[in-house]
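# predicted coordinates and the sequence they were generated for:
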Amino acid sequence: MTNLKIILEIIRHEMTNRADICLFLEPYTGMWKAYAQSAVNLKGLMPTLEYEKSELVFSDVSFCLPGVTVTIEQLDNRGLIQFCTLVSDNYIRLCVRN
């Protein structure tokens, strides 16, 4: 998935998101990032995570979104890994709703 497709997927999803948690792989760090409402939802489950501004860049266009960064190990330690679905190589959906 190209950077532009990832950015568009994040923005498209987060515009209407209320309860989902979508995590996208940061290609250079190997960390997983939740943006916008996904970040709020994840922080509700993991209050110790810190909000940070995330700049998403594609060519000459950039977007700043609030986000939180998490590792697979952190998800596993909180017992959340069992609720994760790998959607693609760089996209995980975490679903803990009934």
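Sure, I can see it. Numbering: from 1, shown residues only.
# and the longest helix anywhere in the chain, what's its mean pLDDT?
Assignment by DSSP state H gives helix 3-16 as the longest helix of the chain. Mean pLDDT, computed over helix 3-16, is 79.
# same check, this time on stretch 43-53
In this model, stretch 43-53 has a mean pLDDT of 91.
# buried sites along it?
Lys43, Leu45, Met46, Leu49 (16 or more other Cβ atoms under 10 Å). (Each C-beta comes from the backbone N, C-alpha and C, glycine too.)
# before we move on, what's the pLDDT of the residue nearest to the third one when sequence neighbours are not counted?
Closest residue in space to Met46, ignoring its immediate chain neighbours: Arg78 at 6.0 Å, by Cβ to Cβ, 6 or more residues apart in numbering. pLDDT recorded at Arg78 is 94.
# what about Arg78, distance to Ile6?
Distance, Arg78 to Ile6, by Cβ to Cβ, to the nearest Å: 25 Å.
# repeat for Thr85
If you measure Thr85 against Ile6 using Cβ to Cβ, the figure is 17 Å.
# more crowded one of those two?
In terms of neighbours (other Cβ atoms under 10 Å), Ile6 is the more surrounded of Thr85 and Ile6; the figures are 18 against 9.
# surely that one meets Cys22?
No - between Ile6 and Cys22 there is no contact under Cβ atoms under 8 Å: 10.9 Å.
# what about the residue nearest to Asp89 when sequence neighbours are not counted, how many neighbours?
Spatial nearest neighbour of Asp89, excluding adjacent residues (Cβ to Cβ, 6+ apart): Leu25 at 7.3 Å. Number of residues near Leu25 (other Cβ under 10 Å) recorded here: 17.
# who's Leu25 bridged to?
Applying DSSP bridges to Leu25 gives these bridge partners: Trp32.
# list the contacts of it.
Residues in contact with Leu25 (Cβ atoms under 8 Å, 6 or more residues apart in numbering) are Met31, Trp32, Lys33, Asp89, Asn90, Tyr91, Ile92.
# please check those and keep the buried ones.
Buried by 16+ other Cβ under 10 Å: Trp32, Lys33, Tyr91, Ile92, out of these.
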